[in-house]
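**Q** just the structure for this:
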Amino acid sequence: SKATVSVLNCSFGREASDAMPSSEQHPQAHVDCAAEGPGVDPKQAARIDRMLQRWAGVRQAPNPNKVDRAPFEEVTQRDFSNHFAEGTGAQVLDEVVLECPKRIPVLTKCDVLVVGAGPGGLSAALGARRAGADVVLCERYGCFGGVITTVGMETIAWYRYEGCMNDSVGIGVEMERRAAEMGGATKFPYNESECLDADYFKLVADELVKEAGIRPVLHCLAVEAIMEGNVVKGILTESKSGRKAILAKRVIDCTGDADVAHLAGAEYRVTPKQQAMGMTTVMNAAGVDKEAFLKYTEENPATYADWSRTWTQETTGKEDTLRSPYLDLEFERAREEGHIPKGTQNLGGSWSALSEAGEATNLNLAHVQGYDCTDVMDLTKAEMEGREQAMHALVALKKIVPGFEKAKLRNFGMTIGTRDSRKIIGKYNLSADDVKNEARFDDSIGIFPEFIDGYNILILPTTGRYFEVPYGCLLPRSVDNLLVAGRCVAGDPTSHAAMRNMMACTVTGQGAGVAAAVSIREDTPTSAVPIARVQEELLRQGVRVH
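**A** Residues are numbered from 1 along each chain as shown. Purely as a prediction, here's the structure:
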């Protein structure tokens with residue numbers, strides 16, 4: 001006869017209920033259940049008990065007697081045959097390890113290799129591809145977009161206040177337009193700039209790469225430059241596929257830290273870390289009452305003059321009365337009231353996009369200083385300290401700022417945001433005079449408005465003033481067929497405060513990409529490419545060069 005099972009004596013440790021509670025209702029519930037009945041197998045009864053416990057949301061204890069099933073895959077191991085040119089591996093010395101020469105497989109070959117896929121790298125890859133080159137875009141993270149997508153810095157050009165009449169045009173503006181068309185952008189508070197949804201921009205960048213026919217390589221880190229004399233021939237990479245080579249006729253370094261230029265032996269300068277601009281942990285919050293927060297900001301308006309409370313800054317005066325999405329006094333009050341530790345420092349900065357779903361994104365509030373972002377141990381400390389400071393900032397917002405009472409952390413950026421590291425020594429080195437006094441250059445590859453943000457200087461482009469960006473600041477002095485774009489182009493600290501901005505990075509990126517492609521077409525090294533041909537192609541792509 002069939003066995004019948006009756007479930008008896010089921011009770012929940014916290015409260016009785018006619019309905020089986022979920023784990024959210026009873027996260028610590030205990031169930032006392034027994035399966036009984038004639039002919040019930042004890043193993044079956046035990047399984048029923050475990051099933052009821054799971055339904056009640058009770059965590060199951062590990063089963064020490066569970067045996068893993070044998071894998072279906074064949075067992076394999078690394079094949080070292082034909083790997084080492086001589087010897088077998090490495091020799092361990094006191095403070096160094098000597099590797100034996102290895103045969104490195106070639107992953108791929110191309111005309112133009114772009115290393116780093118932030119705003120500068122995307123622009124370089126698109127510019128080169130549209131100029132007819134076969135392009136590989138190599139990126140160490142799992143997405144394109146750089147600071148936008150990995151840090152969460154959503155404002156590619158937040159400087160567009162009234163009077164910004166001579167803005168950059170080219171791929172940077174195209175990125176903003178495409179993001180808006182795809183539903184991945186919202187208006188920046190107080191001016192005509194765009195806030196790009198950091199996660200959505202991953203999709204925007206994917207589409208741009210696929211449409212152009214660029215060959216992408218994600219999760220791939222450049223670890224060495226391949227050189228013949230002073231000419232770069234490609235890079236060595238490390239990835240889940242092991243060490244591989246990518247060979248290229250031209251290489252563009254868009255790593256932000258001049259990593260490839262450094263590996264290739266190019267000259268560069270580094271601001272001492274105690275004087276360098278700090279790093280920032282960007283966070284996003286959920287559960288924000290948008291209307292209550294906006295009402296608070298209207299009742300407590302901030303301007304760019306208020307930035308001077310957090311750090312000393314130089315302006316031209318015209319910036320001081322402009323509205324700014326800025327918070328700082330709130331953190332002082334939180335310290336005074338004991339909500340956050342007295343020792344917390346460098347809290348204060350900007351907020352950005354607010355969604356109808358109660359998300360506050362690109363909260364640029366927690367900064368750390370005194371670290372070198374090319375030193376892995378410093379980066380480790382900065383990441384951990386940045387997250388700690390960001391949580392102090394969130395606590396302060398919850399306690400002090402209306403609209404944030406029920407806010408919670410949604411996420412941090414994938415990595416800490418960095419501003420300051422290596423800058424190459426170029427054929428031409430931009431200066432403070434260039435970016436402050438509307439410099440003009442015969443070898444211009446684009447324009448950028450008079451926007452300077454860094455090293456205690458804030459100048460917003462509200463008068464129509466702009467400067468031209470010379471090709472020479474992309475050219476390392478001692479390495480050929482290598483171009484550098486993005487924040488690590490050649491120049492002094494003040495010019496870096498202009499060129500580090502994301503829209504400026506798209507200008508140097510597109511210029512570098514086009515120059516690389518034209519140099520191949522003209523069969524000349526990058527150091528001798530006909531600048532008139534480069535400017536013709538840039539004009540064809542819609543760039544303003546003068």
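**Q** and stretch 508-527, how far out from the chain's middle?
**A** Computed by C-alpha atoms, centre = their mean, to the nearest Å, the chain-centroid distance of stretch 508-527 equals 26 Å.
**Q** now that stretch: buried residues?
**A** 508-520, 526-527 (16 or more other C-beta atoms under 10 Å). For glycine as for every other residue, the C-beta is placed from the backbone atoms N, C-alpha and C.
**Q** ok, stretch 430-444 next?
**A** In stretch 430-444, counting by 16+ other C-beta under 10 Å, buried: 430, 432, 434, 435, 436, 439, 441, 443, 444.
**Q** and what of stretch 350-362?
**A** 350, 351, 352, 353, 354, 358, 359, 360, 361, 362.
**Q** could you pull out the strands for the stretch 301-450 of the chain?
**A** Using DSSP state E, counting those that start in this stretch, the strands of the stretch 301-450 of the chain run over residues 326-327, 347-350, 360-368, 408-412, 422-424, 444-449.
**Q** give me the sheet partners of the second one and which way each runs.
**A** Partner strands and pairing direction for strand 347-350 (DSSP bridges) are strand 326-327 (antiparallel), strand 360-368 (antiparallel).
**Q** what angle do the last one and strand 408-412 make?
**A** Relative orientation of strand 360-368 and strand 408-412, computed by axes from the mean of the first three to the mean of the last three C-alpha atoms, to 10 degrees: 70 degrees.
**Q** ok, now which ones touch residue 424?
**A** Taking C-beta atoms under 8 Å, 6 or more residues apart in numbering, we find residue 424 in contact with 258, 261, 266, 267, 268, 476, 484, 488, 489, 490.
**Q** actually residue 304, not the one I wrote
**A** 315, 319, 320, 321, 322, 324, 326, 458, 460.
**Q** just the buried members of these?
**A** 315, 319, 322, 324, 326, 458, 460.
**Q** what helices or strands is the top helix by length along the chain leaning on?
**A** Identified as the longest helix of the chain according to DSSP state H is helix 376-400. Here helix 376-400 touches strand 279-286, helix 329-336, strand 347-350, strand 360-368, strand 408-412, going by 3 or more C-beta pairs under 8 Å, 6 or more residues apart in numbering; DSSP states H and E.
**Q** which of those sits most buried?
**A** With neighbours taken as mean count of other C-beta atoms under 10 Å, the helices and strands packed on helix 376-400 reach their highest mean count in strand 360-368, at a mean of 26.
**Q** quick one: residues in contact with that one.
**A** The contact list for strand 360-368 (C-beta under 8 Å, 6+ apart) reads 152-155, 195, 197-198, 278-285, 288, 293, 327, 331, 346-355, 382, 385-386, 389-390, 392-393, 404, 407, 416.
**Q** distance check, the nearest residue to residue 104 once chain neighbours are set aside against residue 265.
**A** For residue 104, ignoring the flanking residues on the chain, the nearest one in space by C-beta to C-beta, 6 or more residues apart in numbering is residue 245 at 4.9 Å. Counting by C-beta to C-beta, to the nearest Å, the gap from residue 245 to residue 265 is 18 Å.
**Q** have a look at these two and say which one is more surrounded.
**A** Taking neighbours as other C-beta atoms under 10 Å, residue 245 and residue 265 compare with residue 245 leading, 18 against 13.
**Q** and the host helix or strand of that one, how far out from the chain's middle?
**A** Assessed by DSSP states H and E, residue 245 sits inside strand 242-253. Offset of strand 242-253 from its chain centre (C-alpha atoms, centre = their mean): 22 Å.
**Q** what comes up buried for that strand?
**A** 244, 245, 246, 247, 248, 249, 250, 251, 252, 253.
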